[in-house]
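S.K.: sharing a model that was predicted from the sequence below.
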Amino acid sequence: MKKYIPLLLKIIAAVIMLQTLFFKFSGAQESVDLFTKVAGENEALMRIGTGVIELIASILLFVPNKTWMGAILTLGLMGGAIMSHLTKIGIEHNNDGGVLFISAIVTLAIGGVLLIMNKKDVPFLNKI
């Protein structure tokens, strides 16, 4: 059972990040509204750019010896999402009950756990 925990964590993080890609890439109004609050006139660039990086992070989580890269990207993405919620968007967006914010916290925590679990693969940590 213990050997399946990393896989389960990767699946949870990837599903959370990937489920929003359709909205980001299709220009769904709720996604446009959210990124307009964060980026103003640069909404489209930030929305699409964030989606591309989330896709890359999700893929890297499943690549052997590269999970650490996906975890670091996940930490950065979710850290940015959490800061955006705390400073510009608000905990609750579009009457979602805080689901996006809580999802970001869960994904951030998973990214941290996966990074710790895969620290042996991080090249610059091996030199210390």
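M.R.: Happy to help now that I have it. For clarity, every value in this text was computed on a predicted model and none was experimentally measured.
S.K.: contacts for the worst-scoring helix or strand of the chain on mean pLDDT?
M.R.: Ranked by mean pLDDT, DSSP states H and E, the weakest helix or strand in the chain is helix 123-126, scoring a mean of 80. Outside of helix 123-126, the residues within contact range by C-beta atoms under 8 Å, 6 or more residues apart in numbering are Lys119, Lys120. The C-beta positions use only the backbone N, C-alpha and C, and glycine is treated the same way.
S.K.: what does stretch 66-81 give?
M.R.: Taking C-beta under 8 Å, 6+ apart as the rule, stretch 66-81 contacts 6, 10, 13, 17, 50, 53-54, 56-63, 100, 104-105, 107-108, 110-112, 114-115, 117-119, 121-122.
S.K.: restricted to helices, list the residues you listed.
M.R.: Members of those lying in helices (criterion: DSSP state H): 6, 10, 13, 17, 50, 53-54, 56-60, 100, 104-105, 107-108, 110-112, 114-115, 117.
S.K.: list buried residues within these.
M.R.: Neighbour-count burial (16 or more other C-beta atoms under 10 Å) applied to those gives 10, 13, 17, 50, 53-54, 57-58, 60, 100, 104, 107-108, 110-111, 114-115.
S.K.: separation between Ile102 and Leu60?
M.R.: Distance of Ile102 to Leu60, computed by C-beta to C-beta, to the nearest Å: 24 Å.
S.K.: OK, contacts around the residue nearest to Met117 when sequence neighbours are not counted?
M.R.: If the residues on either side of it in the chain are set aside, Met117 comes closest to Pro6, at 5.8 Å by C-beta to C-beta, 6 or more residues apart in numbering. With contact taken as C-beta under 8 Å, 6+ apart, Pro6 is in contact with Thr67, Leu114, Met117.
S.K.: redo those as CSV? Include distance to Phe22 and pLDDT.
M.R.: As requested, those are exported to CSV (distance: C-beta to C-beta, whole Å; pLDDT from 0 to 100):
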residue, distance to Phe22, pLDDT
Thr67, 25, 97
Leu114, 24, 97
Met117, 29, 95
